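*Asks:* predicted model and sequence follow; I will ask about them next.
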Amino acid sequence: MEAESVKPNDVTMVGVLSACTKKLDLEYGRWVCLYIERNGISVNLTLSNAIIDMFTKCGSLEDAKRLFDMMEEKDIVTWTTMLHGYAKLGE
């Protein structure tokens with residue numbers, strides 16, 4: 001994308017995070033989160049939910065809770081993802 005001067009956006013990052021989640025690749029998922037921050041990509045509710053989903057499914061409930069606590073807006077997906085994470089990880 002960057003070779004073609006096309007900048008990734010929030011929709012692109014949701015897709016990339018989904019791939020990280022399916023591969024259970026927490027390290028790369030964290031790198032993607034840093035990329036989002038460093039490149040000023042707009043973080044909306046959908047992207048926040050994708051990040052929380054990646055963290056919980058990759059086993060980092062601490063990171064998921066940190067983001068959850070910082071979120072001003074939460075929806076049913078946000079709450080369900082956190083509940084699933086707590087149930088799965090036994091906390």
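*Replies:* Cool, got the structure.
*Asks:* contacts and neighbour counts: CA atoms only from here.
*Replies:* Will do.
*Asks:* buried stuff in stretch 12-22?
*Replies:* The neighbour-count check on stretch 12-22 (16 or more other Cα atoms under 10 Å) flags 13-14, 17-18, 20-21 as buried.
*Asks:* now the residue most central in space within the chain, nearest residue through space, not along the chain?
*Replies:* Relative to the mean C-alpha position of the chain, the nearest C-alpha, by Cα atoms, centre = their mean, is the one of I51, at 0.8 Å. In space, and not counting its chain neighbours, I51 is closest to L17: 6.7 Å by Cα to Cα, 6 or more residues apart in numbering.
*Asks:* just the CA coordinates for the helix or strand hosting the residue nearest to the centre of the chain, please, in CSV.
*Replies:* Using DSSP states H and E, I51 sits in helix 45-57. Taking C-alpha atoms only, helix 45-57 is exported to CSV below (Å, rounded to 0.1, in the frame of the first residue of the first chain):
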residue,chain,number,x,y,z
LEU,A,45,-15.4,2.4,18.3
THR,A,46,-15.1,-0.3,15.7
LEU,A,47,-11.3,-0.1,15.8
SER,A,48,-11.2,0.0,19.6
ASN,A,49,-13.4,-3.1,19.6
ALA,A,50,-11.1,-4.9,17.2
ILE,A,51,-8.1,-4.1,19.4
ILE,A,52,-9.9,-5.3,22.5
ASP,A,53,-10.9,-8.5,20.7
MET,A,54,-7.3,-9.1,19.6
PHE,A,55,-5.9,-8.5,23.1
THR,A,56,-8.5,-10.9,24.8
LYS,A,57,-8.2,-13.6,22.2
